[in-house]
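In: this one's structure only:
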C-alpha cells in the first residue's frame with residue numbers, strides 16, 4: 001500500500017492559505033497572500049532535496065490544480081520537471097477536461113476514491129495545497145505523513161491546516177531541519193493505532 005503525504009507550507013499561527021502570491025487564494029477576504037515569498041529560494045532548495053527526490057504522484061484539489069496548471073507547464077526548472085512528469089489525481093466535480101499532462105479526475109466519494117488509490121501502485125501520493133481536500137483526508141484518517149514547512153510569520157485569519165472536523169491523531173517526528181532564514185521543516189509519520 002502506498003503512503004499519502006501532505007507537503008504543506010504554514011505560518012507560525014497555522015495558516016496555509018496563499019503562500020505563493022497575493023492573488024493565489026483571496027477567498028473569505030484573505031489579504032495576506034504571498035507570505036512565503038521572501039524565504040522561497042532556500043525553502044525550495046530544501047523541498048527538492050528532502051521531499052521531492054523519491055518518485056511520487058500528486059493528489060490535488062481542483063483549485064490547487066488550476067493554480068499549478070497555470071504556472072508549472074510553462075516553467076523549466078527541477079521543480080517544474082518533477083511536477084509536470086508526475087501523475088496528477090484531481091478531486092473535482094467539474095465536468096471539463098484536465099489539460100495538464102498526466103492528469104486524472106477523482107470524483108464521487110473522495111475519501112473512498114483516495115482509499116482505493118492508496119492500494120494501487122507504490123509511488124508516494126503527495127498532497128500540495130488543497131485545503132478543502134486536506135480537511136476531507138484528515139477527517140477520513142487517510143494521511144500517513146505530514147511534511148511541514150513552518151515560516152516565521154503570523155498572518156492572523158486564514159485557512160488553517162487543521163480545521164474543524166480534524167480527528168485527534170498521534171504523529172511521530174521523523175526528521176527536522178531549518179533554513180538559515182528561519183523556516184523549519186518537520187516530517188511527521190502517523191503512529192499505529
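Out: In hand now; what should we look at? What you see is a predicted model, and the numbers here were worked out from it, not measured in a lab. Numbering: from 1, shown residues only.
In: partner residues bridging the residue lying closest to residue 4 once chain neighbours are set aside?
Out: Using Cβ to Cβ, 6 or more residues apart in numbering and skipping the chain neighbours, the partner closest in space to residue 4 is residue 125 (4.5 Å). C-betas here are computed from N, CA, C, even on glycine. Counting by DSSP bridges, residue 125 is bridged to residue 4, residue 57.
In: need the contact list for residue 125.
Out: Shown in contact with residue 125 (Cβ atoms under 8 Å, 6 or more residues apart in numbering): 2, 3, 4, 5, 56, 57, 58, 59, 89, 114, 117, 118.
In: from residue 115, how far off is it?
Out: Distance from residue 125 to residue 115, counting by Cβ to Cβ, to the nearest Å: 11 Å.
In: residue 37 too?
Out: Taking Cβ to Cβ as the measure, residue 37 falls 36 Å from residue 115.
In: tell me which of those two has more neighbours.
Out: Ranked by neighbour count (other Cβ atoms under 10 Å), residue 37 and residue 115 place residue 115 first, with 16 against 13.
In: show the average pLDDT along the helix or strand harbouring that one.
Out: Per DSSP states H and E, residue 115 falls inside helix 110-118. The average pLDDT within helix 110-118 is 96.
In: give the other helices and strands that it contacts.
Out: Helix 110-118 sits against strand 88-91, strand 103-106, strand 124-128, helix 131-139, with contacts defined as 3 or more Cβ pairs under 8 Å, 6 or more residues apart in numbering; DSSP states H and E.
In: including mean pLDDT and distance to residue 161, could those go into a markdown table?
Out: Shown next, in a markdown table, are those (pLDDT from 0 to 100; distance: least, Cβ to Cβ, whole Å):
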| stretch | mean pLDDT | distance to residue 161 |
| --- | --- | --- |
| strand 88-91 | 97 | 17 |
| strand 103-106 | 95 | 21 |
| strand 124-128 | 95 | 11 |
| helix 131-139 | 95 | 7 |
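In: and of these, who's closest to residue 181?
Out: Smallest distance to residue 181 across these (Cβ to Cβ): 21.2 Å, for strand 124-128.
In: centre of the chain to that closest one, how far?
Out: How far strand 124-128 lies from its chain's middle: 7 Å, per Cα atoms, centre = their mean, to the nearest Å.
In: quick check: angle from it to helix 110-118?
Out: Inter-element angle recorded for strand 124-128 and helix 110-118: 140 degrees (by axes from the mean of the first three to the mean of the last three Cα atoms, to 10 degrees).
In: now do the phi/psi pair for residue 28.
Out: phi 60, psi 30 (degrees, to the nearest 10).
In: residue contacts, it?
Out: Going by Cβ under 8 Å, 6+ apart, residue 28 touches 157, 158, 159.
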